[in-house]
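Enquirer: this is the structure alone, sequence omitted:
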């Protein structure tokens with residue numbers, strides 16, 4: 001029986017030209033393309049749903065419900081359409097015309113050697129600087145040619161089979177954004193499933209706003225001041241989760257205070273400080289959901 005494939009694309013204030021290019025590429029490769037729009041009704045919609053073909057579905061949530069909820073919404077729609085292979089994308093991802101078939105072939109080949117595959121991710125290329133986002137791959141274990149067993153992947157471009165989603169469960173919608181994909185991966189591994197990444201297929205994706213270089217040795221993508229609320233809140237929430245390994249928690253206990261100092265003395269430092277402190281307070285209290 002042929003697997004039905006759905007691409008789930010999460011939108012937020014989308015740029016029409018950008019999303020049109022992605023949809024045009026995806027609708028030729030998937031049975032269905034599902035667009036889930038987190039853009040609030042107060043913002044004028046730039047998407048003309050009348051221009052889409054029959055296999056493209058557009059669901060407007062009318063408010064920003066967070067990426068976790070939006071992806072869950074997309075999963076339910078894909079299941080309703082009879083799909084059992086899901087691909088998740090952000091609106092700023094760029095793929096080749098054979099991306100879906102190549103990822104599915106990688107998944108099938110890996111499935112011959114390893115069972116209980118929760119998700120398969122591509123090699124991420126940051127389109128801002130053309131650098132590979134391959135830290136997890138470098139730390140992972142190669143199981144077949146170019147496919148690695150890793151701790152986590154980011155959600156953009158990921159292949160997720162229905163059987164894994166049924167067993168592992170949906171995203172934590174209460175976390176809203178940030179660490180959502182990482183938490184799902186750690187939960188999957190805690191439940192005995194495998195998270196994979198391949199270097200044989202790549203995806204162009206926009207990571208962060210700029211890069212922060214620390215002493216010429218370590219660099220990380222710098223996000224917006226507002227995003228830092230979720231970064232620090234969800235970091236503290238992750239410490240309560242049994243699925244997150246102890247080594248991850250210990251490492252973050254050193255990394256996050258260092259980043260706190262760096263962010264405070266970077267551009268818009270006062271605003272960044274405000275959001276980080278609010279995130280820390282809410283994280284300690286166990287507050288979830290959108291920023292209030």
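Expert: Structure received. All values derive from a computational prediction rather than experimental measurement.
Enquirer: where does the prediction get shaky in the protein?
Expert: Along the chain, segments meeting pLDDT under 70 span 1, 46, 49-51, 208-219.
Enquirer: and the residue nearest the centre of it?
Expert: Taking C-alpha atoms, centre = their mean, the centroid of the chain lies closest to residue 155, which sits 2.6 Å from it.
Enquirer: that residue touches residue 179, doesn't it?
Expert: No. Taking C-beta atoms under 8 Å as the definition, residue 155 is not a contact partner of residue 179, at 11.0 Å. Quick note: C-beta positions are derived from backbone N, CA and C, even for glycine.
Enquirer: centre of the chain to the strand ranked longest in the chain, how far?
Expert: In the chain, with assignment by DSSP state E, the single longest strand is strand 194-205. Taking C-alpha atoms, centre = their mean, to the nearest Å, one finds the center of strand 194-205 at 12 Å from the center of the full chain.
Enquirer: give the buried residues for it.
Expert: When burial is assessed from 16 or more other C-beta atoms under 10 Å, strand 194-205 yields the following buried residues: 194-199, 201-205.
Enquirer: got it, and stretch 245-261?
Expert: Across stretch 245-261, burial judged by 16+ other C-beta under 10 Å covers 248, 252, 259-260.
Enquirer: could you do stretch 158-173 as well?
Expert: Across stretch 158-173, burial judged by 16+ other C-beta under 10 Å covers 158-162, 164-165, 168, 171-173.
Enquirer: which of the residues you listed fall in strands?
Expert: Among these, DSSP E puts 158-161 in strands.
Enquirer: show me the strands in the stretch 1-150 of the chain, by range?
Expert: Along the stretch 1-150 of the chain, counting by DSSP state E, counting those that start in this stretch, strands occupy 5-11, 32-37, 56-60, 85-90, 117-126, 131-133, 141-144, 147-150.
Enquirer: for residue 288, find the nearest of these.
Expert: strand 5-11 (19.1 Å; C-beta to C-beta).
Enquirer: need the contact partners of that closest one.
Expert: 19, 22-23, 26, 29-39, 47, 67, 70-71, 74-75, 77-78, 81, 83, 85-91, 100, 104 (C-beta atoms under 8 Å, 6 or more residues apart in numbering).
Enquirer: and that strand, which strands flank it?
Expert: strand 32-37 (parallel), strand 85-90 (parallel) (DSSP bridges).
Enquirer: now tabulate those strands in TSV and tack on mean neighbour count.
Expert: Below are the strands paired with strand 5-11 laid out as TSV (neighbours: other C-beta atoms under 10 Å):
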stretch	mean neighbour count
strand 32-37	25
strand 85-90	24
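Enquirer: next, format these as TSV and append distance to residue 241.
Expert: Output for those, formatted as TSV (distance: least, C-beta to C-beta, whole Å):
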stretch	distance to residue 241
strand 32-37	25
strand 85-90	21
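Enquirer: for residue 12, find the nearest of those.
Expert: Closest approach to residue 12 among the strands paired with strand 5-11 is made by strand 32-37 (7.6 Å; C-beta to C-beta).
Enquirer: and the closest one with strand 56-60, angle?
Expert: For strand 32-37 against strand 56-60, the angle by axes from the mean of the first three to the mean of the last three C-alpha atoms, to 10 degrees is 20 degrees.
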